[in-house]
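Colleague: Predicted structure and sequence below. I'll ask about it afterward.
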Amino acid sequence: MEAPNSKTLPKLKAFIFILEIILILILLVFWFISDFLHTSKNLWVLFLYCFPAEFLIAIVPHEPVILFFGKFYAPLTVALISAAGTLLAEALNYSVFKYLTDTTLYKRLSRKKMVSKLIDLFNRMPFIALLIAGFTPIPFYPFRFLVVMAHYPIWKYLLAVFLSRTPRFFLLSLAGQAIKIPDSMLVIIFVILIAAVNIPFLRSLIKKKKKRNSP
């Protein structure tokens, strides 16, 4: 006889997965269309911004917003609020990638030699690798894939995120407090960082599409 939860569990996982994606999309859209959020000094804005800024590939940058809040709050306050939001966002990332491990695409990807080599390399010093990637400007999103593919425990992952991201956020907010960068300059930095992150990604997609369409 089939277990009662054998059908409901996959549906529940799919529902949670879709809900997580919708939540982040709503926050992202709300951030872009709301003039109030762009100028608000409320710490809840900083907390909620962590989700689109740290979710999956993170199409919006975190740094300009932390520099902005650093002008009005103590660096430790800004760092801890940002760390709290980031930890929840990274828990969502882990959950989303965990769900994707059951897909055919993931299974094909995991069989590739390059991927297996990356996983083996990561497994040599996973915690140290996460600390370095979390603290430095190294793109962090590949590690969100790796931790799940390497079956790295979520509590260790979140601990590494907390220990690396919190001092990074503290230093950024400290810089914001010391330098007090004008808001207009922060907007320019924001746009430049978005372009730096997303233009290479869009170029690679366009190249792949051209290759598929070429005879």
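Modeller: Structure's in. What do you need?
Colleague: Please make it C-alpha for all contacts and neighbour counts, starting now.
Modeller: Fine.
Colleague: Number of residues surrounding residue 116?
Modeller: 16 (other C-alpha atoms under 10 Å).
Colleague: SS state for it?
Modeller: helix (DSSP: H, G, I helix; E, B strand; the rest coil).
Colleague: That one and residue 109: what is the separation?
Modeller: Separation of residue 116 from residue 109 (C-alpha to C-alpha, to the nearest Å): 9 Å.
Colleague: next one: residue 144
Modeller: 15 Å.
Colleague: ok, the two, which is more surrounded?
Modeller: residue 144 (20 against 14).
Colleague: if I read this right, the more buried one contacts residue 92, doesn't it?
Modeller: No - using C-alpha atoms under 8 Å, residue 144 is not in contact with residue 92, being 10.4 Å away.
Colleague: Residue 92 is in what secondary structure piece?
Modeller: For residue 92, the host element (DSSP states H and E) is helix 75-100.
Colleague: and that helix, which residues are buried?
Modeller: 75-83, 85-100 (16 or more other C-alpha atoms under 10 Å).
Colleague: Tally up the residues packed near residue 167, please.
Modeller: The burial count for residue 167: 18, using other C-alpha under 10 Å.
Colleague: On the three-state scheme, it is what?
Modeller: helix.
Colleague: Helices of the chain, start to end?
Modeller: 5-33, 35-39, 43-54, 63-69, 75-100, 104-111, 113-124, 126-135, 141-149, 154-179, 183-213 (DSSP state H).
Colleague: Tell me if I'm right that residue 139 and residue 132 touch.
Modeller: No - contact criterion C-alpha under 8 Å: residue 139 and residue 132 do not qualify, at 10.6 Å.
Colleague: who's more crowded, the two?
Modeller: residue 132 (16 against 12).
Colleague: Find the least confident helix or strand in this protein, judged by mean pLDDT.
Modeller: None of the helices or strands of the chain scores lower by mean pLDDT, DSSP states H and E than helix 5-33, at a mean of 59.
Colleague: how much space between residue 75 and residue 112?
Modeller: From residue 75 to residue 112 the distance is 44 Å (C-alpha to C-alpha).
Colleague: just residue 97 next, same as before
Modeller: For residue 97, the distance to residue 112 - C-alpha to C-alpha - is 18 Å.
Colleague: same check, this time on residue 98
Modeller: 19 Å.
Colleague: Residue 61 now?
Modeller: From residue 61 to residue 112 the distance is 31 Å (C-alpha to C-alpha).
Colleague: who has more neighbours, those two?
Modeller: residue 61 (21 against 10).
Colleague: these two touch, right, the more buried one and residue 50?
Modeller: No - with contact defined as C-alpha under 8 Å, residue 61 and residue 50 do not form a contacting pair (9.4 Å).
Colleague: So what's the residue count around the closest residue to residue 68 other than its chain neighbours?
Modeller: Among residues not flanking residue 68 along the chain, residue 176 sits closest, at 6.3 Å (C-alpha to C-alpha, 6 or more residues apart in numbering). Residues lying near residue 176 (other C-alpha under 10 Å) number 24.
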